[in-house]
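> okay, here's the prediction I keep looking at, along with the sequence it came from:
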Amino acid sequence: MAGIGFSLNRLFQKKGMLNLCRAYAYAGAVAIGPMVMGVCLLLGISFVSQVAGMAQHDREIMNCMLTYSLLVSLFVTSFMNMILTRYISDMLYEGKKERVMPSFYGALAVMLPCCFVVYGIVLLFAGIPPVYWIVSMWFALTMIVVWTQMNYLSALKDYRAIAMGFGASMLTGFLLALVLAFVGYGTVLSLMFCVILSYGIMSIWYYVLMLGYFPHGEGSPFTYLQWFDKCRALALTGVCVNLGLYGHLVIMYFGPLHKKIMGLFFAAPSYDIPSLTAFFSILITTISFVTSVEVRFYPEYRQYYSLYNDGGSIKDIEAAEDRMVEVLSRELSYCGYRQIISTILFIVFGGFIMDILPLGMMDLGKV
């Protein structure tokens with residue numbers, strides 16, 4: 001989230017409820033905008049499949065193709081994401097921007113073949129038609145490119161262009177899906193193509209932004225691999241984070257709540273919607289955490305390290321450290337309180353909201 005602190009500080013310093021709402025809206029757009037818009041696209045595609053009159057079994061197959069491909073892409077990139085982030089940060093700190101873009105090519109050169117081999121073996125024995133194999137693999141490889149680009153985009157600080165790229169690509173895919181549904185071509189393959197097209201446009205948009213900020217580069221594209229020796233704990237952390245976030249879904253797909261869709265494609269419809277609701281329940285805390293870090297904690301952090309690096313007195317450094325720790329403790333407590341409140345609200349009203357939304361993924365009355 002580096003770089004949004006100055007904008008947030010300006011917005012939070014302005015008086016009035018409207019300016020406060022603008023500040024939180026800006027933080028939300030940066031922190032959770034891509035996630036919310038991505039979920040909205042997938043829900044929109046699910047809604048379009050119902051409008052197109054697609055059979056329930058076909059909709060379940062499409063959901064499995066989307067879910068499996070997303071999970072595989074997240075798992076593959078989890079080994080690299082934090083290492084790449086650290087490498088990019090180090091290169092920018094050392095003033096070696098020309099070393100950044102080669103790492104992007106090198107990371108893709110490692111991850112794309114790994115995904116193709118591993119996921120290809122799974123799909124080969126999944127018992128699905130070859131054309132579904134191709135589309136699922138295509139989507140997974142596209143998502144690996146997008147997830148990798150996310151590591152580089154925060155350095156650009158051009159959040160308006162990033163948000164515009166995300167919004168334009170998502171809207172393009174959804175509108176195309178609607179058109180295909182109304183003209184009678186709302187099939188599994190056509191709707192999957194719309195999703196792939198959306199993220200394909202996004203990846204091209206982001207690549208252009210990256211080229212506009214980073215030099216074309218020099219040096220080996222695999223230099224970043226040395227950071228696995230320096231910071232190997234980061235690679236393990238990235239894997240564990242993704243396992244914690246999404247591992248429970250895989251467990252449920254092969255647990256007592258599972259439903260066999262086709263071949264090795266399983267789902268747990270009675271678990272998917274509660275999981276999605278749980279993800280949305282943390283969005284308020286995510287926004288709160290971003291504003292707390294950038295607006296309240298970072299100034300104290302900057303003051304402490306400024307005194308430490310510029311030869312401040314021991315007394316001033318200790319006082320700055322105490323203020324920094326106090327602010328951090330207070331803001332983390334506030335985040336915890338907000339999460340408790342939002343969780344209670346989702347528990348109380350979540351079931352009612354899920355009942356009235358035309359998600360078409362499950363029958364809540366049977367749960």
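Okay, I see it.

> now the strands: where do they sit in the protein?
259-262, 265-267 (DSSP state E).

> hey, which helix is longest across this protein?
In the chain, taking DSSP state H as the definition, the longest helix is helix 314-356.

> most packed of the strands of the chain?
Among these, the stretch with the highest mean neighbour count (mean count of other C-beta atoms under 10 Å) is strand 265-267, at a mean of 21. Glycine gets a C-beta too; all of them are placed from N, C-alpha and C.

> could you check how far that one is from the centre of its chain?
23 Å (C-alpha atoms, centre = their mean, to the nearest Å).

> give me the contacts around it.
Contact with strand 265-267 is made by 60-61, 63-65, 67-68, 126-128, 253-254, 258-261, as judged by C-beta atoms under 8 Å, 6 or more residues apart in numbering.

> let's see 7 Å
Contacting residues not belonging to strand 265-267 are listed as 60-61, 63-64, 68, 126, 128, 253-254, 258-261 [C-beta atoms under 7 Å, 6 or more residues apart in numbering].

> what pLDDT, on average, does it get?
Strand 265-267 comes out with an average pLDDT of 84.

> mind listing what it pairs with, with the direction of each?
strand 259-262 (antiparallel) (DSSP bridges).

> measure the closest residue in space to Lys259 that isn't next to it in sequence to Val36 for me?
Leaving aside its sequence neighbours, Lys259 sits nearest to Ala267 (C-beta to C-beta, 6 or more residues apart in numbering; 5.3 Å). The gap separating Ala267 from Val36 is 23 Å, by C-beta to C-beta, to the nearest Å.

> ditto for Tyr246
Tyr246 is 17 Å from Val36, by C-beta to C-beta.

> now swap in Gly238 and tell me
23 Å.

> before we move on, what about Val145?
From Val145 to Val36 the distance is 21 Å (C-beta to C-beta).

> more neighbours: which of these two?
Per other C-beta atoms under 10 Å, whichever of Val145 and Val36 has more neighbours is Val145, with 22 against 15.

> so the more buried one sits against Ile204, correct?
No: using C-beta atoms under 7 Å, Val145 makes no contact with Ile204, being 9.5 Å away.

> now do the nearest residue to Ser198 once chain neighbours are set aside against Leu108, distance only.
In this structure, Ser198 finds its nearest non-sequential neighbour in Gly173, 3.0 Å apart by C-beta to C-beta, 6+ apart. Here Gly173 is placed at a distance of 22 Å from Leu108 (C-beta to C-beta).

> number of residues surrounding Leu153?
18.

> and the pLDDT for the nearest residue to it once chain neighbours are set aside?
Nearest-residue entry for Leu153: Ile162, 5.6 Å, with adjacent residues in sequence omitted and distances by C-beta to C-beta, 6+ apart. Looking at Ile162, its pLDDT stands at 77.

> mind listing what Ile162 touches?
Leu153, Leu156, Leu209.

> ditto for Asp310
No contacts exist for Asp310 under C-beta under 7 Å, 6+ apart.

> which ones are touching the spatially closest residue to Ala52 that is not a sequence neighbour?
Using C-beta to C-beta, 6+ apart and skipping the chain neighbours, the partner closest in space to Ala52 is Gly186 (2.5 Å). With contact set as C-beta under 7 Å, 6+ apart, Gly186 has these partners: Val48, Ser49, Ala52, Met54, Leu180.

> need these in JSON lines with neighbour count, pLDDT and distance to Gly336, can you?
As requested, the contacts of Gly186 are exported to JSON lines (neighbours: other C-beta atoms under 10 Å; pLDDT from 0 to 100; distance: C-beta to C-beta, whole Å):
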{"residue": "Val48", "neighbour count": "23", "pLDDT": "84", "distance to Gly336": "39"}
{"residue": "Ser49", "neighbour count": "24", "pLDDT": "83", "distance to Gly336": "39"}
{"residue": "Ala52", "neighbour count": "21", "pLDDT": "79", "distance to Gly336": "44"}
{"residue": "Met54", "neighbour count": "21", "pLDDT": "82", "distance to Gly336": "43"}
{"residue": "Leu180", "neighbour count": "18", "pLDDT": "88", "distance to Gly336": "46"}
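
> what's the closest of those to Phe79?
Closest approach between these and Phe79, by C-beta to C-beta: Ser49, at 33.2 Å.

> what's the closest non-adjacent residue to the closest one?
Spatial nearest neighbour of Ser49, chain neighbours left out: Arg59 (4.9 Å); criterion: C-beta to C-beta, 6+ apart.

> isn't that neighbour up against Val48?
No: with contacts counted by C-beta under 7 Å, Arg59 stays clear of Val48, the gap being 10.2 Å.

> my guess is Ser203 contacts Ile144. True?
No: assessed by C-beta under 7 Å, Ser203 is found out of contact with Ile144, at 9.7 Å.

> which one's more surrounded, these two?
Higher neighbour count among Ser203 and Ile144: Ile144, with 26 against 20, using other C-beta under 10 Å.

> identify the residue spatially nearest to that one, adjacent ones excluded.
Closest to Ile144 by C-beta to C-beta, 6+ apart is Ser73, at 4.9 Å.

> just give me the neighbour total for that neighbour.
Neighbours of Ser73 (other C-beta under 10 Å): 23.

> what residues are up against it?
Cys115, Ala140, Met143, Ile144, Trp147.

> do you know how far it is from Pro129?
Relative to Pro129, and taking C-beta to C-beta, Ser73 is found at 21 Å.

> and if you look at Val195?
Using C-beta to C-beta, one gets 18 Å for the distance from Val195 to Pro129.

> show me which of those two is the more surrounded one.
Set Val195 next to Pro129 and count neighbours by other C-beta under 10 Å: Val195 wins out with 27 against 14.
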